[in-house]
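Student: Pasted the sequence and its predicted model underneath.
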Amino acid sequence: MESLSMMAASGCYQFKINYSETKDMSIGKKITSPKFRFGQHDWVIYYYPQGINNKDYNGKYVSVFLGLQRESVDVPADFSFQLLDKHANIVSPTTFILLHHTFTSKEKSAGLYDCFEKTKLEQSYIKDECFVLRVSISVGQDSNIISSLGFPYESIHKFRKDNVHTDVTFDVDGKNFVAHRLILAAHSPVFRAEFFGSMIESNMDCIIKINEMIPSVFEAMLDFMYNCCICINDYKVSISSTAFLQHLVVAADRYEVLRLKVACEHKLIEKISLNTVLSTLEIAEIHNCEELKEQCLRLVVDEAASCRPVKFEDLRYHGEPIVLYRSNSVPPVEFCCPILGSQGSRSGQGTENNNASRNTSSDPETDQSVTSS
């Protein structure tokens, strides 16, 4: 499961693993998670289904390691591994095993040779032939992993799902969502002003209507504020995962959920291509994502070499039309903008198609998670 995380000093990352496809791998063979980012550093999880080598209990235990990617500086970190049960609750005994390691250019990985027994994994954690491995990380000399990673996100999220003590209801395009005002106010200055400031609702029991937003996008934003970790493919939408991330940027900027906005921005940077650069650049420009905008323009410049010019008059940067040089071998550029609500292809002239005509089943992009501290 490809994941996305914010640039934070601490947080969690979830790695979905297909047990059926990995259980028969030989001892010492591993699979590596997609890269994720914490504390301005890139990390991966190394998962060894049969353990690292023959002396490690002859395949009785699974080995799990955390790896630092391409760094020349020493990075101290506290971390722990957890297994999520079939209901997404953390119940594995490894939850309470706190590890500390200073990652260096010579020692870039650390972890557990006997993280958990395969038999227990098979009995309690497999759902639809997959299970979820989670790592919680706190980076830095003064990190306090006991308090920062011990927060009961799952329990609070369950309160919302079970409608326990919820005190606000949202109507998003006819679909209702319940939540706790205090939780939302803690993450969003906009909600804080609406619930407790000068913008306070005159009728505290009313249903708050949210306009111009896809219900699944609003739901994902709520889940992020409760869990600090979401899986994008858990939400059934008729747009690509890149377009879904773009919508999340719009929502996060609208409600000033900055951690979600930064997390989505970093994932969009990884996914920039000729098929999405126009819509992504427009999102970056409108919503002040400076790093994302820089990377989009860098791609445009890189593609300019040895190609003929094609002007996209609909896209402007500081009021000036963007000119992209493109060879005949490059396919038409996809136009998919949640602000304008349309998509299609542009090659000087183009057509527009309705977003609903797309289905995620045809999207080649993989599962993704958004995580935060």
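Tutor: That came through fine.
Student: Show the low-confidence segments of this protein, by residue range.
Tutor: Along the chain, segments meeting pLDDT under 70 span 1-9, 54-57, 71, 86-97, 140-154, 198-205, 229, 304-373.
Student: per the record, what domains does it have?
Tutor: 2-150, 154-229, 244-371 (automatic domain parsing).
Student: Surely residue 111 is in a helix?
Tutor: No. Per DSSP: H, G, I helix; E, B strand; the rest coil, residue 111 lies outside any helix segment and is strand.
Student: Disregarding residues adjacent in the polypeptide, which is nearest to it?
Tutor: residue 65 (3.1 Å; CB to CB, 6 or more residues apart in numbering). All C-beta spots, glycine's among them, are computed from the backbone N, C-alpha and C.
Student: Tell me which stretches of the stretch 1-150 of the chain form helices.
Tutor: Secondary structure of the stretch 1-150 of the chain (DSSP state H, counting those that start in this stretch): helices at 19-22, 118-124, 145-149.
Student: sorry, back to before: and the residue nearest to residue 111, what does it touch?
Tutor: Each residue near residue 65 by CB atoms under 8 Å, 6 or more residues apart in numbering is listed here: 45, 46, 48, 109, 110, 111, 112.
Student: can you rerun that using 7 Å?
Tutor: 46, 109, 110, 111 (CB atoms under 7 Å, 6 or more residues apart in numbering).
Student: now those in a markdown table, with neighbour count?
Tutor: Below are those laid out as a markdown table (neighbours: other CB atoms under 10 Å):
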| residue | neighbour count |
| --- | --- |
| 46 | 16 |
| 109 | 14 |
| 110 | 16 |
| 111 | 20 |
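Student: Tell me which two in those residues are the farthest apart.
Tutor: Maximum pairwise distance in the contacts of residue 65, criterion CB to CB, is 10.2 Å, between 46 and 110.
Student: Ignoring the adjacent residues along the chain, who's closest to residue 179?
Tutor: Using CB to CB, 6+ apart, the nearest residue to residue 179 is residue 168, at 5.4 Å.
Student: In the stretch 101-250 of the chain, what residue spans correspond to strands?
Tutor: Ranges of strands within the stretch 101-250 of the chain are 109-117, 130-139, 168-172, 175-179, 207-210, 229-231, based on DSSP state E, counting those that start in this stretch.
Student: among those strands, which is nearest residue 254?
Tutor: Residue 254 lies closest to strand 207-210 among the strands of the stretch 101-250 of the chain, at 9.6 Å (CB to CB).
Student: mind listing what's buried in the closest one?
Tutor: If you call a residue buried by 16 or more other CB atoms under 10 Å, then strand 207-210 has these buried ones: 208, 210.
Student: May I have it as CSV, with CA atoms only?
Tutor: Only the C-alpha atoms of strand 207-210 are listed here, as CSV (Å, rounded to 0.1, in the frame of the first residue of the first chain):
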residue,chain,number,x,y,z
ILE,A,207,-27.0,20.4,10.7
ILE,A,208,-24.2,22.3,9.0
LYS,A,209,-24.3,22.1,5.2
ILE,A,210,-21.0,21.8,3.3
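Student: list the helices and strands it packs on?
Tutor: Contact partners of strand 207-210 among helices and strands, from 3 or more CB pairs under 7 Å, 6 or more residues apart in numbering; DSSP states H and E: strand 168-172.
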